[in-house]
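Asker: here is my input, please return the structure:
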Amino acid sequence: MNLKGARRAVAAGGMVLVLLSPQFSRAQASAKAPEKTSAKQTPASSSSIPNAPTPAAQEPSLQDLGFSQQQMQANPKLQARLNRRTRMLKIHQRLGLITLAPMVADLFTGPMAKAKGRDGQIIREPTSANIDMHAALGSATAALYFTTAYYAMFAPKIPGVKKRGAIRMHEALAWIHGPGMILTPILGAMAFKQEQDGEKVHGIASAHGAVAATTALAYGAAIIAVAWPIHLKFWEKR
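Answerer: Model (predicted):
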């Protein structure tokens, strides 16, 4: 009896284990599944950390470089002054080149304003046209010259800007051709009056031609000083 009872108890225990084993395997599989997924996700999350963008270094601002807020703001009055100065100096340059044409022509017509006969006397009648042409070219040259000077003299000045190099040479030569442009027509009028009176040109009026030539040379040198194609000029200090 005891042996049979023991067999029955073992058989019943085996059946219970068979019935419980599928549920145990399923629970064990479900418990292992999150571990596998978490194991797979862990490398992905860890691998994304090295590839994350590093924060960019902050660039220094103008204030960090020493510029004040007032210096960084635009100055419309100064800009308008600079624009007006630029426009006037451009007109000055163009008129200066235009003035050169009648000035050179006036130099060539000067010797033709009078002629000498065989006896050395001045022949006035045949040269009246040359005299008129010479006077007309001189008047045009003077008008263009002083108009050109106006745009340079009355152009707005920029505070704090120092003139140097070719500009200084250009302005220095103005002290030669400027007075020359005033003296030349005065001496020419004196010489013309002496000829009209039948006199030989004498006194300071005889310097009319020399003053005119000196004025033209100084004026041409002033143009070359700012228009010479060679950047290195002998009067510029490096």
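Asker: surely Gly160 is within a strand?
Answerer: No. Counting by DSSP: H, G, I helix; E, B strand; the rest coil, Gly160 is located in no strand; its state is coil.
Asker: residue contacts, it?
Answerer: By CB atoms under 8 Å, 6 or more residues apart in numbering, the contact list for Gly160 is empty. No exception for glycine: its C-beta is placed from N, CA and C like everyone else's.
Asker: quick check on it: phi, psi?
Answerer: phi 90, psi 0 (degrees, to the nearest 10).
Asker: and it, how far from Arg168?
Answerer: 17 Å (CB to CB, to the nearest Å).
Asker: which residue packs closest to Met167, ignoring adjacent ones?
Answerer: Heads up, residue 167 is Ile, not Met. Val226 (6.9 Å; CB to CB, 6 or more residues apart in numbering).
Asker: buried set for whichever helix or strand that neighbour is part of?
Answerer: For Val226, the element it lies in under DSSP states H and E is helix 208-227. Within helix 208-227, the residues that count as buried by 16 or more other CB atoms under 10 Å are 208-209, 211-212, 214-216, 218-219, 222-223, 225.
Asker: by contact count, what packs against it?
Answerer: With contacts taken as 3 or more CB pairs under 8 Å, 6 or more residues apart in numbering; DSSP states H and E, helix 208-227 sits against helix 76-109, helix 166-196.
Asker: could you check the angle helix 76-109 makes with the shortest one?
Answerer: Angular relation of helix 166-196 and helix 76-109 on a 0 to 180 degree scale: 40 degrees, by axes from the mean of the first three to the mean of the last three CA atoms, to 10 degrees.
Asker: phi, psi of Ala155?
Answerer: Backbone torsions of Ala155, given as degrees, to the nearest 10, read phi -70, psi 140.
Asker: doesn't His92 make contact with it?
Answerer: Yes. Assessed by CB atoms under 8 Å, Ala155 is found in contact with His92 at 7.2 Å.
Asker: picking that back up, report the angle between the helix holding Val226 and helix 76-109.
Answerer: Using the same axes, to 10 degrees: helix 208-227 against helix 76-109 is 140 degrees.
Asker: which residues touch helix 208-227?
Answerer: Residues from elsewhere that reach helix 208-227, judged by CB under 8 Å, 6+ apart: 93, 96-97, 99-100, 103-104, 106-107, 110, 145, 166-167, 169-170, 173-174, 176-177, 180-181, 183-184, 187-188, 190-191, 201, 233.
Asker: and those, which are buried?
Answerer: Among the contacts of helix 208-227, those classed as buried by neighbour count (16+ other CB under 10 Å) are 93, 96, 99-100, 103, 106-107, 110, 145, 166, 169-170, 173-174, 176-177, 180-181, 183-184, 187-188, 190-191, 201.
Asker: where does pLDDT dip in the protein?
Answerer: 1-73, 113-129, 228-238 (pLDDT under 70).
Asker: Thr148: neighbouring residues, count only.
Answerer: Thr148 has 20 neighbouring residues, counting by other CB atoms under 10 Å.
Asker: and the one helix or strand it maps to, what does it pack onto?
Answerer: With elements taken from DSSP H and E, the one containing Thr148 is helix 128-153. Helix 128-153 sits against helix 76-109, helix 166-196, with contacts defined as 3+ CB pairs under 8 Å, 6+ apart.
Asker: follow-up on the earlier one: include distance to Ala140 when you put the helices and strands packed on helix 208-227 into CSV, please.
Answerer: Formatted as CSV, those follow (distance: least, CB to CB, whole Å):
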stretch, distance to Ala140
helix 76-109, 5
helix 166-196, 11
